[in-house]
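**Student:** sequence below, structure please.
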Amino acid sequence: MSQRLEGAGAIAPGGKTICITRRDALALAASGVVAAAAPGLARAAPQGQLTWGIHVSLAPGWFDPAETSGLITPFMVLYALQDALVKPMPGKPFAPSLAESW
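**Tutor:** Here you go, the predicted structure:
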């Protein structure tokens, strides 16, 4: 059931009346609140520690890319290790991230 707000209509260029329902007005108000709070969220600095958990037992061969089998699980481990040390950047396939030298 749609209810119209009194005095909420406007005349469009074609002469048609545009009506805003309460649901539309509430949605606009909610999006305004979210938009107003967004700059405060963007200023928050990252804090804490990220823990990444997977349900597998680690195999020693997963730490060496030359010995890794063609399964996805060893590559998740390699990605977690390598991405923390180096990262791809424009013009450089490996740029230092946490590693200062290698």
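
**Student:** can you give me the strands in the protein?
**Tutor:** For the chain, strands defined by DSSP state E occupy the ranges 10-11, 17-18, 86-89, 92-96.

**Student:** can I get those in a markdown table including mean pLDDT?
**Tutor:** As requested, the strands of the chain are arranged in a markdown table below (pLDDT from 0 to 100):
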| stretch | mean pLDDT |
| --- | --- |
| strand 10-11 | 58 |
| strand 17-18 | 70 |
| strand 86-89 | 79 |
| strand 92-96 | 82 |
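
**Student:** which one of the ones you listed is the most hemmed in?
**Tutor:** Among those, judged by mean count of other CB atoms under 10 Å, the one packed with the most neighbours on average is strand 86-89 (a mean of 13). Any C-beta I mention is one placed from the backbone N, CA and C, and that applies to glycine too.

**Student:** which other helices and strands contact that one?
**Tutor:** Judged by 3 or more CB pairs under 8 Å, 6 or more residues apart in numbering; DSSP states H and E, the packing partners of strand 86-89 are strand 92-96.

**Student:** neighbouring contacts of the strand it packs on?
**Tutor:** 85-89 (CB atoms under 8 Å, 6 or more residues apart in numbering).

**Student:** now do residue 99 against residue 57, distance only.
**Tutor:** Counting by CB to CB, to the nearest Å, the gap from residue 99 to residue 57 is 27 Å.

**Student:** so those two - more neighbours on which side?
**Tutor:** When neighbours are counted by other CB atoms under 10 Å, residue 99 comes out ahead of the other of residue 99 and residue 57, with 13 against 6.
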